[in-house]
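A.B. asks: no sequence on this one, just coordinates:
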């Protein structure tokens, strides 16, 4: 996530269709006729069953799995369950050594409660901060303890982007220092400047930490603001109160303290420097901004519990009938991990992750079932990948992108499913990123055949494209995007869909309340599975393999991979 794109509720009540809500009868279109699908393909697509998806979600979100934390007993049970389903369907193992499991080595770092964090103004009163309430932090260098006593440098949004003639680090050396950065990126409505209102990867908190480390900083403080982050502080706190996970043997530069601070803490920090937070944030969004060292030091003693462990991506393959090496395989992906248990929370401390991402796994498994049981056999391989450690920063898919069983340049498309709201029949979809590929005309035609309106991202500033596992595949060169419902559902006005999304984000996203409920309506999940099946089949049988549009940021990676294979 990773803080994520997800946006729908678990209250899932009053799920009547059009007639019961008085918005007119809703008649499902016939995509078989519209798309001209062969009879065997159509039969396989129509076999997709909402109740089978429900059964998968019910099991994966059970307390038995203890929130499916990465590298935990519950996470391993989830991986074994998914692998068992692949075996039942007759898929070929595509993991390590003839198994369905692809091992990923990790290091887990859990910040301990005896960690101390304080802001020390020159000549002013020390401001001691409270872990969880005021800040969260993780020692990316993965040592048991670390001490920092370093000046704080405000570097605006912490971005160096030559293509936009933007460099927040110009004229200042941050080596050995702590950078203070704003989440998101400079405000813009110009599509040629940081893509206007749509966030680029420069706005992601992961980029902020990566860039600070590359510049030699020892720490980074990301200023949280709900509207800019697109999620409240409680999401940050719950996500970082658990173990932070890193790929083992990752040699990229790392921070001794990768931290978030509350907006009010940042306000006090600036006040101690004789500055106003609002003025500095506004200035940071202009070309007049210049980074400046503040008369405040960060003094921290970070204590961590460090462990080495393994977790697994689960990979199953349906071979193609073409006897030649794969040239346009199709992938379906969904992460199975969630946040696990929070031992510091009393009462219900299991982050069951029914919607996030039991639903995506249920869809993936039902797609695997439909393809495997179909009389129509695809000409090229179909890879089903349920990945680990998405919630820890897309780490499982990051590893998969670098260790695909089929070269990335020979994978035509990855369709990812993440947190699909089980609240009834959709009349609209979100396919952000599809427009960046040559496949988009097919997506448009298929959406029309299913009666789905393609709605633009309702929160372009949230940077959804960079916040789920398809992004890792895109970075490897694979044309990839996530498929989800948008705001229009049968029997409801769009305002209803927005209300459901907002409620989920505010009350249940990354909270123990994201639990399975009997009143969930998985017709939405089944509808998107059928839609994904139709999209995948068309990519498999297209005359030309799918590619990125010329000039896209991921095009060069795909070209380079093709040259190597």
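C.D. replies: Now that the structure is in, tell me what you want to look at. Since we're looking at a predicted model, the values are computed, not measured.
A.B. asks: stretch 50-62: which residues count as buried?
C.D. replies: 50, 52, 53, 54, 56, 57, 58, 59, 60, 61, 62 (16 or more other CB atoms under 10 Å). For the C-beta atoms, the positions are set from N, CA and C on the backbone; glycine is no exception.
A.B. asks: distance to residue 394, pLDDT and secondary structure added to those, as JSON lines?
C.D. replies: JSON lines is the format used below for the buried residues of stretch 50-62 (distance: CB to CB, whole Å; pLDDT from 0 to 100; DSSP: H, G, I helix; E, B strand; the rest coil):
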{"residue": "50", "distance to residue 394": "28", "pLDDT": "98", "secondary structure": "helix"}
{"residue": "52", "distance to residue 394": "28", "pLDDT": "98", "secondary structure": "helix"}
{"residue": "53", "distance to residue 394": "24", "pLDDT": "98", "secondary structure": "helix"}
{"residue": "54", "distance to residue 394": "27", "pLDDT": "98", "secondary structure": "helix"}
{"residue": "56", "distance to residue 394": "22", "pLDDT": "98", "secondary structure": "helix"}
{"residue": "57", "distance to residue 394": "22", "pLDDT": "98", "secondary structure": "helix"}
{"residue": "58", "distance to residue 394": "26", "pLDDT": "98", "secondary structure": "helix"}
{"residue": "59", "distance to residue 394": "24", "pLDDT": "98", "secondary structure": "helix"}
{"residue": "60", "distance to residue 394": "19", "pLDDT": "98", "secondary structure": "helix"}
{"residue": "61", "distance to residue 394": "21", "pLDDT": "98", "secondary structure": "coil"}
{"residue": "62", "distance to residue 394": "25", "pLDDT": "98", "secondary structure": "coil"}
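A.B. asks: pick out the most distant pair among the residues you listed.
C.D. replies: Using CB to CB, those reach their maximum pairwise distance at 50 and 62, which is 18.9 Å.
A.B. asks: tell me the phi and psi of the spatially closest residue to residue 453 that is not a sequence neighbour?
C.D. replies: Leaving aside its chain neighbours, residue 453 sits nearest to residue 428 (4.4 Å; criterion: CB to CB, 6 or more residues apart in numbering). Main-chain dihedrals, residue 428, degrees, to the nearest 10: phi -150, psi 150.
A.B. asks: residue 428 contacts residue 458, correct?
C.D. replies: No. Taking CB atoms under 8 Å as the definition, residue 428 is not a contact partner of residue 458, at 10.3 Å.
A.B. asks: what about the residue sitting furthest away from the middle of the chain, helix or strand, and which?
C.D. replies: No residue in the chain sits farther from the centre than residue 123, which is 43.3 Å out by CA atoms, centre = their mean. For residue 123, there is no helix or strand it lies in under DSSP states H and E.
A.B. asks: how about the contacts made by it?
C.D. replies: By CB atoms under 8 Å, 6 or more residues apart in numbering, the residues touching residue 123 are residue 295.
A.B. asks: that one and residue 178: what is the separation?
C.D. replies: Distance of residue 123 to residue 178, computed by CB to CB, to the nearest Å: 19 Å.
A.B. asks: go ahead and flag the most central residue of this protein.
C.D. replies: What sits nearest the mean C-alpha location of the chain, by CA atoms, centre = their mean, is residue 468, with 2.2 Å.
A.B. asks: okay, now the sheet partners of the longest strand seen in the chain, with direction.
C.D. replies: Scanning the chain for the strand with the most residues, using DSSP state E, yields strand 292-318. Strand pairing for strand 292-318, using DSSP bridges, gives strand 92-93 (antiparallel), strand 101-111 (antiparallel), strand 116-121 (antiparallel), strand 145-154 (antiparallel), strand 382-387 (antiparallel).
A.B. asks: out of the ones you listed, which is the most enclosed?
C.D. replies: Highest mean neighbour count of the strands paired with strand 292-318: strand 382-387, a mean of 28 (counted as mean count of other CB atoms under 10 Å).
A.B. asks: residues making contact with that strand?
C.D. replies: 79, 82, 86, 91, 94, 313-318, 320, 329-337, 361, 364, 367-368, 371, 396-397, 400, 405-406, 411, 469, 536, 540.
A.B. asks: quick revisit: what would the buried residues of stretch 50-62 look like in a markdown table with distance to residue 281?
C.D. replies: Output for those, formatted as a markdown table (distance: CB to CB, whole Å):
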| residue | distance to residue 281 |
| --- | --- |
| 50 | 46 |
| 52 | 49 |
| 53 | 44 |
| 54 | 45 |
| 56 | 44 |
| 57 | 41 |
| 58 | 45 |
| 59 | 46 |
| 60 | 41 |
| 61 | 39 |
| 62 | 44 |
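A.B. asks: from these, pick the one nearest residue 300.
C.D. replies: Residue 300 lies nearest to residue 61 out of these, by CB to CB, at 36.9 Å.
A.B. asks: going by residue numbers, what spans are helices in the stretch 301-450 of the chain?
C.D. replies: Per DSSP state H, counting those that start in this stretch, the stretch 301-450 of the chain carries helices over the ranges 360-373, 395-402, 440-450.
A.B. asks: what sits up against stretch 158-170?
C.D. replies: Residues from elsewhere that reach stretch 158-170 (CB under 8 Å, 6+ apart): 155-157, 179, 181-182, 185-186, 193-194, 202, 207-208, 211-212, 215, 220, 284, 287, 289-291.
A.B. asks: from these, which ones fall inside helices?
C.D. replies: Among the contacts of stretch 158-170, the members falling in helices (DSSP state H) are 207, 208, 211, 212, 284.
A.B. asks: ok, back up a step: just send the strands paired with strand 292-318 back as JSON lines, with mean pLDDT too.
C.D. replies: Listed next are the strands paired with strand 292-318 as JSON lines, based on pLDDT from 0 to 100:
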{"stretch": "strand 92-93", "mean pLDDT": "98"}
{"stretch": "strand 101-111", "mean pLDDT": "96"}
{"stretch": "strand 116-121", "mean pLDDT": "98"}
{"stretch": "strand 145-154", "mean pLDDT": "98"}
{"stretch": "strand 382-387", "mean pLDDT": "98"}
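A.B. asks: quick check: phi and psi on residue 43?
C.D. replies: Per-residue torsions, residue 43: phi -60, psi -40 (degrees, to the nearest 10).
A.B. asks: quick check: closest non-adjacent residue to the residue nearest to the centre of the chain.
C.D. replies: Here the residue nearest residue 468, using CB to CB, 6+ apart, is residue 418, at 4.6 Å.
A.B. asks: need the pLDDT of the one you found.
C.D. replies: For residue 418, the pLDDT comes out at 97.
A.B. asks: before we move on, what about residue 198?
C.D. replies: At residue 198, pLDDT is 84.
A.B. asks: now do the nearest residue to it once chain neighbours are set aside, the pLDDT please.
C.D. replies: Nearest non-adjacent residue to residue 198, counting by CB to CB, 6+ apart: residue 460, 4.0 Å away. You'll see residue 460 listed with a pLDDT of 75.
A.B. asks: neighbours of residue 460, just the number please.
C.D. replies: Residue 460 has 15 neighbours, counted by other CB atoms under 10 Å.
A.B. asks: ranking the helices of the stretch 301-450 of the chain by burial, who's on top?
C.D. replies: Mean neighbour count (mean count of other CB under 10 Å) peaks for helix 360-373 among those, with a mean of 26.
A.B. asks: tell me what it is packed against?
C.D. replies: On a contact count with 3 or more CB pairs under 8 Å, 6 or more residues apart in numbering; DSSP states H and E, helix 360-373 meets helix 39-46, helix 50-60, helix 73-89, strand 292-318, strand 329-335, strand 382-387, helix 523-541.
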